[in-house]
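Trainee: From the sequence below, what's the structure:
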Amino acid sequence: MRFLYIVLATSLAFSIAPSLLSQALSTPGCTLEKGYYQCNRTAFLAALKEARTVAVQSRPFDQATTISLSNLARALNKTEISSSPDLTFVLIRAQAEGVFFGPSDRELASFLVYARGSQGSEKRIIWIETFDGEPDIVWPIVVYDIIRQFKASIQ
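Mentor: As a prediction, the model looks like this:
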C-alpha cells in the first residue's frame, strides 16, 4: 500500500513539474544570482511586444538622454506617457569612482526596464542592460552605444 502512495506521489510530481517550470520561465522579471541580475529574455520580449505605452527617465536628468530614450520608444512603436505606463525605460549614468590607470573597461551606464505591477502602482524590473567601456568616453556616445546594444539584444 505504501508503495502505491509513493508511485502516485511521484507520478503526480512529474506531471505537475513541467507546468510549474513553464509558468516560472514565462514570468518576466530579473533575479539576483551571485551578485548579477539574471533576466528572463523570452518573457521580457513578450512583455515588450505587448506593451503599448512607455515612460522614459534619465538619471541624473539629462535632456539629450531623455530625447534619445523618447526616440527609442518611438522606434519600438510605443506611445510615450508619464503616468501609468506599461513599461518604464530608465537610463542611469554610472558614478565615476577612484583613480583610473591604464585601459580597463568599467560600467558606464545601465538601462533598466520596469513593468507595471499587478496593482498598477508598484514596478518590477524585467530587463537590465549594462554598457562597459573606457571611463573617458563622452556621455552622448555612451547613450548612443547602450541604446544600440539594447536594440541588438532584443532582435
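Trainee: Model confidence for residue 134, exactly?
Mentor: Note on residue 134: pLDDT of 90.
Trainee: Ok, the one 4 residues further on next?
Mentor: The confidence metric pLDDT takes the value 95 at residue 138.
Trainee: Kindly report the same for the one 4 residues further on.
Mentor: pLDDT, residue 142: 97.
Trainee: what number of residues lie near it?
Mentor: As a burial measure, residue 142 scores 18 neighbours (other C-beta atoms under 10 Å). C-beta coordinates here come from the backbone N, C-alpha and C atoms, glycine included.
Trainee: Then the one 4 residues further on?
Mentor: Residue 146: 22 surrounding residues under other C-beta under 10 Å.
Trainee: element containing it, please.
Mentor: Counting by DSSP states H and E, the element that carries residue 146 is helix 139-153.
Trainee: In contact with the residue nearest the centre of the chain, which residues?
Mentor: Computing the C-alpha centroid of the chain and ranking residues by C-alpha atoms, centre = their mean puts residue 127 first, at 0.9 Å. Contacts for residue 127 (C-beta atoms under 8 Å, 6 or more residues apart in numbering) come out as 30, 39, 44, 48, 111, 112, 113.
Trainee: now do residue 116
Mentor: 84, 85, 86, 87, 122, 123.
Trainee: hmm, try it at 6 Å
Mentor: Residue 116 sits next to residue 86 when contact means C-beta atoms under 6 Å, 6 or more residues apart in numbering.
Trainee: returning to that earlier point: for the residue nearest to the centre of the chain, give me the pLDDT.
Mentor: At residue 127, pLDDT is 96.
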